[in-house]
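**Student:** Provided below are the primary sequence and the corresponding predicted coordinates.
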Amino acid sequence: MSESRWRVPLSDIAVDNELTDAVLETVRSGWWSMGPRVEELEQQFAAFCGAPYALAVANGTASLHLALLAVGCGPGDEVIVPSLNFVAAANAILHTGAEPVFCDVIGPDELNLDPQDVTAAITPRTKVVLALHYAGFPCAMDAIAEIADRHKLAVVEDAAHAPGASFRGRMCGTLGQVGCFSFFSNKNLPVGEGGMIVTGDEELAKQLRLLRSHGMTTLTWDRHRGHASGYDVVLAGFNYRLDEVRAAVGLVQLSRLMEENEARARIAGRYRETLDGVDGLTMPFGDRNQDRVSSHHLAVVVLPERVDRERVRAALDKRRIQTSVHYPPIHSFTHYRSLGERRPLPHTDALASRILTLPLYGGLSDEQVEAVIEALLGAVQTL
């Protein structure tokens with residue numbers, strides 16, 4: 001465990017010889033920009049997801065931006081997106097020139113976007129539904145796909161929380177036109193910064209490759225290997241490439257992903273067993289529907305209405321237990337407030353002050369988990 005003031009941190013990364021050796025070998029190779037390790041990570045991630053194409057990118061936000069551009073988002077378009085979400089989703093929409101239209105969640109038991117509210121949010125300008133698999137629990141993708149097909153909309157999956165999660169036997173990220181992943185340090189597959197885009201559409205994959213690297217028809221690694229001697233630029237792209245060092249880390253972490261997810265599932269199960277329905281606490285996504293397999297990225301509880309969340313957090317902080325909030329709704333931020341006023345989001349607004357994220361990562365010990373449970377119940381009972 002990394003040095004920290006926390007007795008129980010929100011997340012942590014296990015660093016061992018396999019990981020450091022992979023990095024050192026990459027540094028010693030002398031090839032640091034996008035090259036063979038990136039290619040290998042793309043191939044392995046595509047195989048893991050069951051997707052024909054995977055493209056590594058600089059971070060999860062870049063994956064969202066490129067995906068939206070590739071499916072044709074631009075000025076004048078609207079993108080339906082849950083407000084209970086990280087702000088990167090809305091920022092990526094704005095950077096295409098399109099406008100986010102905030103959608104409500106189903107309710108306190110299901111913090112994913114509400115298909116009925118998706119339908120209500122559609123206008124003639126709607127181009128895309130950007131569906132977040134909140135906390136690693138798959139959305140109702142059959143309903144979302146049916147709505148999208150009926151209205152001729154693209155579906156982009158924000159699978160930042162959901163590597164290894166599945167819906168009806170298909171991996172999250174492969175259920176829409178494009179799937180977007182984040183490899184940020186607190187994710188199930190942590191690299192530091194990094195991301196991945198998956199798609200089954202060959203033309204979208206070609207467009208994404210061009211957009212990722214300045215619109216260039218060949219890459220430095222192609223020319224280094226003698227596979228090309230020059231390049232053309234066919235569109236105004238970006239530098240959203242992943243480097244070799246992070247790809248080396250990603251390869252190690254991908255080999256450990258399902259073990260990490262299984263460990264998280266056990267810990268989340270312990271939280272649910274001891275907290276759900278106790279002293280007014282609830283935990284979303286409590287159904288045992290076998291159609292949905294979660295990656296358990298987050299362990300979120302909904303506090304009783306009578307309880308002040310900040311006092312609960314302060315009580316846990318005193319016991320050196322770190323908590324967080326996923327997320328302050330995007331429409332509550334200054335920059336997005338005017339957009340949030342356009343549509344009522346009653347469930348999101350009602351839950352905004354009651355959701356609390358508990359520590360969750362595969363390396364949590366039983367003692368740490370019990371410390372979190374004891375501290376949370378104590379705080380809720382006394383505050």
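**Tutor:** Yes, it's here. Numbering: from 1, shown residues only.
**Student:** buried residues in the helix ranked longest in the chain?
**Tutor:** Determined from DSSP state H, the single longest helix within the chain is helix 257-275. Across helix 257-275, burial judged by 16 or more other C-beta atoms under 10 Å covers 257, 260-261, 263-265, 267-268, 270-272, 274-275. (Each C-beta comes from the backbone N, C-alpha and C, glycine too.)
**Student:** and the contacts of that helix?
**Tutor:** Contacts of helix 257-275 with the rest of the structure, by C-beta atoms under 8 Å, 6 or more residues apart in numbering, involve 48, 163-165, 188-189, 281, 283, 286, 294-297, 299, 301, 358, 360-364, 369, 372-373, 376-377.
**Student:** just the buried ones from those?
**Tutor:** Those of the contacts of helix 257-275 that meet the buried threshold are 48, 163-165, 188-189, 281, 283, 294-297, 299, 301, 358, 360-362, 364, 369, 372-373, 376, by 16+ other C-beta under 10 Å.
**Student:** mind checking which of these land in helices?
**Tutor:** Short answer: these in helices (DSSP H) are 48, 369, 372-373, 376.
**Student:** export stretch 296-304 as CSV, just CAs?
**Tutor:** Output of stretch 296-304 as CSV, limited to C-alpha atoms (Å, rounded to 0.1, in the frame of the first residue of the first chain):
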residue,chain,number,x,y,z
HIS,A,296,-17.8,-3.1,-9.1
HIS,A,297,-15.8,0.0,-9.8
LEU,A,298,-17.5,2.0,-7.0
ALA,A,299,-19.3,1.1,-3.7
VAL,A,300,-22.0,3.7,-3.3
VAL,A,301,-24.4,4.0,-0.4
VAL,A,302,-27.5,6.2,-0.2
LEU,A,303,-27.7,7.9,3.2
PRO,A,304,-31.0,8.5,5.0
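**Student:** one step back: next, format the buried residues of helix 257-275 as TSV and append pLDDT and distance to Leu204.
**Tutor:** TSV is the format used below for the buried residues of helix 257-275 (pLDDT from 0 to 100; distance: C-beta to C-beta, whole Å):
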residue	pLDDT	distance to Leu204
Leu257	98	24
Glu260	98	29
Asn261	98	27
Ala263	98	34
Arg264	98	31
Ala265	97	32
Ile267	98	37
Ala268	98	34
Arg270	98	41
Tyr271	98	38
Arg272	98	38
Thr274	98	45
Leu275	98	42
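**Student:** and which of the residues you listed is nearest to Phe102?
**Tutor:** Ala268 (27.6 Å; C-beta to C-beta).
**Student:** now do the domain split for this structure, please.
**Tutor:** 17-104+111-255, 257-382 (automatic domain parsing).
**Student:** do me a favour and get the end-to-end distance for the shortest one?
**Tutor:** This points to domain 257-382. Taking C-alpha to C-alpha, to the nearest Å, the first and last residues of domain 257-382 lie 39 Å apart.
**Student:** residues near the nearest residue to Gly176 once chain neighbours are set aside, how many?
**Tutor:** Residue nearest to Gly176 in three dimensions, not counting chain neighbours: Val155, with 3.3 Å by C-beta to C-beta, 6 or more residues apart in numbering. Each residue near Val155 was counted by other C-beta atoms under 10 Å, and the total is 22.
**Student:** partner residues bridging Val155?
**Tutor:** Beta-bridge pairing for Val155 (DSSP bridges): Val129.
**Student:** mind checking how far it is from Val128?
**Tutor:** Distance, Val155 to Val128, using C-beta to C-beta, to the nearest Å: 7 Å.
**Student:** now swap in Gln381 and tell me
**Tutor:** Counting by C-beta to C-beta - Gln381 and Val128 are separated by 45 Å.
**Student:** of those two, who's got more company?
**Tutor:** Val128 (26 against 11).
**Student:** read off the pLDDT value for the residue lying closest to Met196 once chain neighbours are set aside.
**Tutor:** Leaving aside its sequence neighbours, Met196 sits nearest to Phe181 (C-beta to C-beta, 6+ apart; 4.4 Å). We have a pLDDT of 98 for Phe181.
**Student:** show me the contacts for Phe181.
**Tutor:** Phe181 sits next to 60, 63, 159-160, 162-163, 173, 189, 195-198 when contact means C-beta under 8 Å, 6+ apart.
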